[in-house]
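1. Task: produce atomic coordinates for the following.
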Amino acid sequence: MNPIQDTLDLVKGALRTPDDQITKTISTGTGLVAFDLQAPAKNLYPVVTPIRNSLPRVGGGTGTATNWRQVTALTGSGFDSMGWVPEGQRSGQMSYSTASKSAAYVTIGEEDAATYEAISAGRHFEDIQARMTFRLLQKLMLKEEMAILGGNATLQLGIPATPVLSASGSGATLPAATYSVIVVALTLEGYQNSSLAAGIATTKTINGADGKTLCCRAARPTRALMRPRR
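-> Below is the predicted model of the structure:
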């Protein structure tokens with residue numbers, strides 16, 4: 001006789017003709033159930049970078065800056081906005097306005113990392129390394145789009161108009177008092193990184209993946225850019 005086989009036969013027989021008391025012992029509330037996890041993770045965030053996608057890449061990459069010549073204006077002969085020429089004659093030759101331009105190379109970057117334990121634990125769910133690289137590229141593209149739209153290294157911000165205080169709401173009045181209102185001109189990056197809750201984004205210290213720190217400047221309000229209203 002095989003005691004193991006005898007035990008299995010008894011279990012199979014009990015399952016074929018279950019007793020009500022046995023069937024009601026285990027329920028979904030016991031927690032002995034599988035977990036229906038859809039794989040892989042759903043990326044529910046927008047990646048809209050139309051300008052970055054449409055701009056061609058500039059070749060080169062030597063030195064510390066890229067240089068180019070540009071034609072800034074075409075000036076016609078005679079009166080610039082008149083092109084009449086008598087019959088049988090030729091017009092004068094137009095002239096060009098040109099300039100040499102250059103732009104220093106800058107570095108943009110974003111970091112991510114995955115531990116060996118995370119890579120191993122994510123097997124059969126998603127390829128941690130591949131999708132990490134994919135999401136890292138998407139975030140860098142978003143930052144590149146913002147750099148194209150709002151990057152500002154030399155443009156001086158204008159002075160905002162003097163604010164005028166008024167009460168809001170139907171029938172509301174503004175009590176007589178001394179008020180201090182400060183208006184600050186922001187770059188696009190400064191505006192995007194500022195909020196009522198967190199305040200105006202000026203500088204931020206970033207702890208790099210290499211253990212070093214760097215300072216990121218989003219806006220630089222100065223006294224010349226502030227116009228108080230009292």
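2. Next, the distance between the ends of stretch 93-109.
-> Stretch 93-109 has an end-to-end distance of 49 Å (C-alpha to C-alpha, to the nearest Å).
3. ok, residues contacting it?
-> 61, 64-77, 140, 143-144, 147 (C-beta atoms under 8 Å, 6 or more residues apart in numbering). Every residue, glycine included, has its C-beta placed from N, CA and C.
4. In contact with the spatially closest residue to Glu189 that is not a sequence neighbour, which residues?
-> Nearest residue to Glu189, sequence neighbours excluded (C-beta to C-beta, 6 or more residues apart in numbering): Gly150, at 4.7 Å. With contact set as C-beta under 8 Å, 6+ apart, Gly150 has these partners: Thr187, Leu188, Glu189, Gln192.
5. pLDDT at Gly150, what is it?
-> On pLDDT, Gly150 comes in at 85.
6. Pull up the gap between it and Glu111, please.
-> 22 Å (C-beta to C-beta, to the nearest Å).
7. tell me the phi and psi of the residue nearest the centre of the chain?
-> Nearest residue to the geometric centre of the chain (C-alpha atoms, centre = their mean): Leu142, 3.9 Å. Here is the backbone geometry of Leu142 (degrees, to the nearest 10): phi -60, psi -40.
8. my read: it touches Val47, true?
-> Yes: counting by C-beta atoms under 8 Å, Leu142 touches Val47, with 6.3 Å between them.
9. Let me see the domain layout of the chain.
-> Dividing the chain into domains by automatic domain parsing, as the record does, gives the ranges 37-50+96-150, 152-166+177-230.
10. what about the helices in the protein?
-> Here the chain has its helices, by DSSP state H, at 3-16, 20-23, 50-54, 116-121, 128-150, 188-192.
11. Go through those helices and pick out the most buried.
-> helix 188-192 (a mean of 17; mean count of other C-beta atoms under 10 Å).
12. Packing partners of that one?
-> Applying 3 or more C-beta pairs under 8 Å, 6 or more residues apart in numbering; DSSP states H and E, one finds that helix 188-192 contacts helix 128-150.
13. can we see that at 10 Å?
-> helix 128-150, strand 213-217 (3 or more C-beta pairs under 10 Å, 6 or more residues apart in numbering; DSSP states H and E).
14. What would that helix look like as PDB? C-alpha coordinates only.
-> Extracted in PDB, the C-alpha atoms of helix 188-192 (Å, rounded to 0.1, in the frame of the first residue of the first chain):
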ATOM      1  CA  LEU A 188       8.400  81.100 -19.000                       C
ATOM      2  CA  GLU A 189      10.500  78.600 -17.000                       C
ATOM      3  CA  GLY A 190      10.000  80.700 -13.900                       C
ATOM      4  CA  TYR A 191       6.300  80.900 -14.500                       C
ATOM      5  CA  GLN A 192       6.000  77.200 -15.000                       C
END
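15. Thanks again, I'm all set now.
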